[in-house]
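Q: take a look and give me a structure for this.
(2 chains)
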Amino acid sequence: MKQVVFTCFLMVMSMAVFGQSTITGLVTSSSDQQPLLGVNVVVKGTTTGAVTDFDGNYSITASPEDVLVFSFIGYKTIEKTVGDQNVINVALDSDLEQLADVVVIGYGTSKKTDLTGSIASISTKDFEKQPITRTEDALQARVAGVSVLRNSGAPGGNIKIRVRGANSITGNNEPLVVIDGIIGGDLSSLNANDIQNIDVLKDASATAIYGSRGANGVVLVTTKKGRSGEPQVNVEYFISVSSVPNKIDLLSPEQFVQLAGDPATIINGGADYQDEYFETAITNNVQVSASGKEGNLNYYISGNLVDQDGIILNTGYERYSLRSNLNAQLSDKLKVGLNLFGSKENALNLVRGGAGASSDRRGGIVNVLSFNPAVNVRDTDGNYNLQSSFGSILVNPIAVQEQRNGESVEDQFNANLNLSYDISNNLNFTLLGGASLAHFNEERFEGIPAGSQVRNGRAFFNSVRDADYQLSNILSWNKDFGNTKLKLTGIYELQSSVRKLESINSQDFALADLENAFFLLELGESQSIGANQISSSIESYVARAEVNFNNDLLVTGTIRVDESSRFRKGNRTGVFPSISAAYNLGRYFSDESFINNVKLRAGYGETGNQNIAPFSTFQSLRTTFGFGFDGASTSIGLGNSGLVDEDLTWETTRQFNAGVDFRLANGRVNLAVDWFKKNTVDLLLNLPVPQFNGGGVIRTNVGEVENTGVDVSISAVIVNNENFSWNSNLTMSTVSNEVIDLGGLDQILTAPSGINPGGNTGNFYIIEEGEPLGNFFGFEYLGADANGVAQYSEEQSVIGNGIPNFTWGLNNTLTYKNFDLNVLLRGVHGYDVLNATRGIISLGGGDVTVPTSVDILDPNNPTSGDNRISSTRYIEDGSFIRLSNLSLGYNFPDIKGFDSLKVYISGQNLFTITDYTGFDPEVSSSSSSSDSTPSLDFGALPNPRTFTLGLNIGF
Amino acid sequence: MKNKMKSKMRNYRFKIKFCLVFVSLATVFSCADLEEDPSEVLLAPTALNSEAALSALNTGMYNRLVNGSTGVARTSFHIAAFGGDDITTHSGSNKIGFRESDWRRQTPNSSFNTTYRACYGVITIANTAIDARDNIEGNQQAIDRLIGEAFFMRAFCYLTLTRTYGRVPIQIESNSNAQLSRGSFEEIYAQIESDFQQAELLLPDVYPNVPAVGARPSKGAASAMLSRLYMHWAGFPLNDTSRYAMAASKAKEVIDNAALYGYALSPDFRSMFTVGGRFAHDEGVFTMVFCNTCDRRAPNRLTGRLGLTAEAGGWEETFGEIAFFEDFESAATEDGTLQRFNDTYILEQIPRGSNPIGAEWRNFADPHPIFRKIVGDFDEGVLNTTTSDMNYYFMRYAEVLLNYAEASGRSGNVTADAWAALNAVRSRAGATVDLTAADGAIEELAFTERKWEFAGEFQRWYDLVRMDRVVEAFANRSPDEIVDTANSTTPATDGEFLYFNPIPQSELDVAPQLNN
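A: Got it, this is the predicted structure:
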């Protein structure tokens, strides 16, 4: 009996022993099939457990009747009965309630739930449904408080990004771009597909870590890394067709000739210059990437080719880029990463970053619209009709554009090395070294130069070489004291940059009919040369402390000391502190309530702006004042280059931010509201100098500008069924701007440099105390009198404002079975545009002898008198709502040989609801770096309407 | 165990290596160079210590005067002169700024800032040069000449400014940002006088290495300019008639030393207004030389198509006035100076556009005579361009002669030399019979002679102002002159800016104290 019992026992035991087998498997994320590291796998009801490794693999001993519980933060827990399986692969669905993204905060990361400042994050999934060629497009309308305006429709043109308005009147207001920790990156050359995350630091408690360069907000870009699992290859291709969305109504050749009167006649049938100038443009975009992990090495490599035609004749843009991001775990403690990025951009006939279409600011689109429509581009012999006495006095814009070859080539190479060493469990040292080299070359030949006279061809060869270096030493110490967690970070950083420039141009070539003579500059009989070097460096000490009390109260303090070479000794050192705190009220809400959590945040910080050119505090003599006394050759001449303030120093922005985050409906709805107030003092302000003192400006530290506003961001999972889901994301921002102090001046009148529509040399923007930046200054238009003479008010006054005060974006992604649909709407409101383009063509004046617009036929409109461009006649409401993107995609399920296969069609800029009568209310002819002279349409290049067909393949 | 050991060793090695890398990197970068050294790329004002640097600074003054193509080279530089009864502009299109000056209806907003900006640009450099005087080392003779030229340029620019804008602020310090108010005419004239006197002392009789006399100023040019200054000082607005004697005496000094200075009337009047003839005469007292093909391109943009009618594909910027043309024609017929009349206007067929005939200007869509002095020589092809190398004469020797004749009369000291001076100009114009006291008062004969001699050269207006004859001249306007009926405006006969142009709005914006 005893034996029987024993035997039975043995049998049971052996059954049990034999029944216990090793189960292995791979845990992936259901959304992107990427392996998950660190997933807890536990036998239910026991303490037996395992954790997935780097490759998402686990191994656990369990019996067939056991139930395995897979749990991972941010994902829904899954239970699987072992049964007779030896391999159990699991795909975890992400759990919105638990989703705790990691956010890059500058020199480190933080869990989203631990944030105390105002930081907005977007990741690939937020913009992957929209075919984009520019990184800036990924940010557009997706981040509350960040305004991204496509200032120009030129491919490769500048895009205006502002974080919470403009601080500085004459300083630069572009946010700081930091790519993988390297300060001063360039978004335009970046391959948007390489981006993993973009985090925008908005308030000063977040940006103060970047001290003297943080005042305009900071855009942190993190590029992709390879992840564990099978090597993954993605190929993406799209082709787009773009065209100008609308045309301006102009007089027909017959109407124009009638208006111009004798001796104007129709020559060779006339022409529609808009049709001649604009064309349908094709864009090809190919992107290939491979990523994965082998042993201790993970890799992400990619290549991208963009080949984009412009919607203007003879313009275009190409970009080639390659990236290799390698990360190696050399030991338990030591990690090394090397990111290499090379790109080549080639813009064809891009002028002033797209702010205009012609080297002569009166040329381009203004000239297209004002050129005599009764004169054909060419005469009956096929030669250009270069000029006309009626309409625009400038040289035929088609001839200029066709006979121009301007290649702007920019090569960039960035390398950054990231060494991370865990000195102990709590202490980490990271060394970040970055080098960025850029070489810009402009090779330009103008066969028929733009201008008011027919001139010989001219050629330019300009070269700029940039070398930037950065070394950051980051020491961080982490300690968990039970309820209290403390993290301390100390940084010592050096950065230097050198720019070397040379420029040569020549004209009046000894040999006729040279083409693209930028390589034959020496044949020009008049030549001019120049060279320059600009260098600067900055040395910084940074400290940060982050304290987490019981996950309820979070406090972050930072301080940065910057010493900049741009200022003289004594004015060189800037100290930028910040403090912020957040309090989680989660414990006061039960899990069942509609409100799951409320987090209160508040912060204050000081940041700086040192954005002035090196040597700005030194007076110099200008060397370009030559003159030819003998009427044949130039003697070298010198002159004054303007007054300087030797005591120049930082511009300082003090920002207070208060915010509240709500988590509602089990995390299906998240709402964040932030209020801010920014005061920028000691402005780097260009005070105008009267001509009798030499003219120009003196840059000094006076004045104050205030920005206040609210950022609202709502994300909601509206429907989430097996077959249908609908995610929606709404961002809204308001900013109101006020000039508090102008250092004793009542007002500063200004105009964008070099732009004087209608030949009016006056100023048409005004900066006044108590008023916002961007006010238009001009005459009130009183209509036409009985004789058709335009009448205006006697005095000039503020006639509008060019800075939008409310922007919003609504991004919807709907998926139904294998279809997905993305709709991105955005709105920009509360601003005016000075439609100088319409102004120039509506009544004679300036360079236009006879107007070309149909406006002149309206009996209510004037037919003579002054054509004052800066008048209420040409001020228009610029507000618009735009369908930025509409994409419909289909994901083919289970195609053999492919991991994924998707085709999509998409349209950008399909419609715009606006009262604006010009081409596009979003574009401006003033430089994208200017905030005191915004929203001026003087031949600005419209954004195209684009249709796209794309294919994404994953292997 | 062994493995553990190995791994520890590895870690240890890594630590050392790692520290070495860090230390070496940190050493390389540890001292960021925060001191800027502008001397690498900038030329500091302290570099102004040599004759060569001073010479370059003087070159810079001419650059500012011609200002690329937005100084003297532009019609807008001569904006005030459109008030003269010799010159008018197109009645519509984009010429409103010129027409408002023509009719003396301008406002600060419609006033061009070309003259203002170019002249103060020169003055700013001249102030720097004059202030650097004591630091300059080199050949003293050369330094004196260059400093003398700086004084001349400053005085010339203040004279141009006050003739255009009346009372202007006087800045003679370098590197100052003082908020100045407008000076009085007395202060401005005294400053100009003092500078020209300095120039007289320092400048040589003949400026070396010039393509023709007048391209850069000599002692004679300073004296000649003083005579011009005194003509204004004696006339409107100060009417200090004692200055006429000084004007006469300065002019006489120049005439007496004409050979020394190298001045003479050009035997070929027309040729002075051609590219080929620009250096082939000795009449320039102060001349703007242009260079269309220079590396720093500085073409004359007053010429060619600017003066042509639309029928000849012109820009219609500068035309002759009708009454002036008619008076000129009858006076020339009477005086026997038709040669000069023909040199001044184009009467023959113009080989451009629909080949209109100059004499038939009454049939043009915009019926005005066309200046040959503006359009230039057909064979040289200037008429096809808006840029040329034709000279612009700030002052010709003929003015010195006529200043002398007129000032002699107005100061009551008429001499045979004064008549000879007047008759020299007339006879060069083709007159065969000399004028004498029997023909009238020499001052009025000389005043009228200037009218014809300098027609279309942007000079007549200043004579009308100094003699306070603006309204009188406007009353003589031809009834055929196109009146802006569409805008129902007519020339002003009074008002704030009848005599002097308003200071440009862009400057008033920056220095509102100039409103007073």
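Q: dump the residue contacts of residue B:446.
A: Counting by CB atoms under 8 Å, 6 or more residues apart in numbering or on different chains, residue B:446 makes contact with B:402, B:405-406, B:409, B:422. (Each C-beta comes from the backbone N, C-alpha and C, glycine too.)
Q: angles on the backbone of the residue most central in space within chain A, please.
A: Note on chain A: the residue nearest the mean C-alpha position is residue A:136, at 3.2 Å, using CA atoms, centre = their mean. The phi/psi pair for residue A:136 (degrees, to the nearest 10) reads phi -60, psi -30.
Q: just give the closest residue to it, not the sequence neighbours.
A: The shortest distance from residue A:136 to any residue other than its chain neighbours is 4.3 Å, reached at residue A:159 (CB to CB, 6 or more residues apart in numbering or on different chains).
Q: I'd say that neighbour and residue A:149 touch.
A: Yes - under the criterion of CB atoms under 8 Å, residue A:159 makes contact with residue A:149 at 7.0 Å.
Q: shared neighbours of the two, anything?
A: Contacts common to residue A:159 and residue A:149, judged by CB under 8 Å, 6+ apart, are residue A:928.
Q: how about low-confidence regions in chain B?
A: Scanning chain B for pLDDT under 70 picks out B:1-32, B:40-41, B:68-69, B:92-94, B:110-111, B:483-489.
Q: quick check, central residue of it?
A: Central residue of chain B (CA atoms, centre = their mean): residue B:72, at 4.7 Å.
Q: quick one on the thing from earlier: tell me the contacts of the residue nearest to the centre of chain A?
A: A:148, A:150, A:159, A:161, A:187-188.
Q: from residue A:529, how far off is it?
A: Taking CB to CB, to the nearest Å as the measure, residue A:136 falls 35 Å from residue A:529.
Q: now residue B:453
A: Look at residue B:453 and residue A:529: by CB to CB, they are 44 Å apart.
Q: which parts of the stretch 851-955 of chain A sit against chain B?
A: A:863-866 (CB under 8 Å from any CB of the partner chain).
Q: out of these, who's nearest chain B?
A: residue A:864 (4.3 Å; CB to the nearest CB).
Q: tell me how many other residues surround the closest one.
A: 22 (other CB atoms under 10 Å in any protein chain shown).
Q: was I right about it contacting residue A:785?
A: No - contact between residue A:864 and residue A:785 fails when scored by CB under 8 Å: they sit 10.0 Å apart.
Q: relative to chain B, which residue of the stretch 101-250 of chain A is the closest?
A: For the stretch 101-250 of chain A, CB to the nearest CB, closest residue to chain B: residue A:212, 12.7 Å.
Q: run a quick neighbour tally on that residue.
A: Applying other CB under 10 Å, I find that residue A:212 has 27 neighbouring residues.
Q: again with residue A:678
A: Neighbour tally, residue A:678, other CB under 10 Å: 23.
Q: residue A:132 too?
A: Residue A:132: 18 neighbours (other CB under 10 Å).
Q: ignoring the adjacent residues along the chain, who's closest to it?
A: residue A:192 (5.1 Å).
Q: now that neighbour: how far from residue B:206?
A: 70 Å.
Q: so for the two, which residue has more residues nearby?
A: Neighbour totals were compared for residue A:192 and residue B:206, and residue A:192 leads with 24 against 14 (other CB under 10 Å).
Q: does the more buried one touch residue A:131 like I think?
A: No - counting by CB under 8 Å, residue A:192 does not reach residue A:131; the two are 9.6 Å apart.
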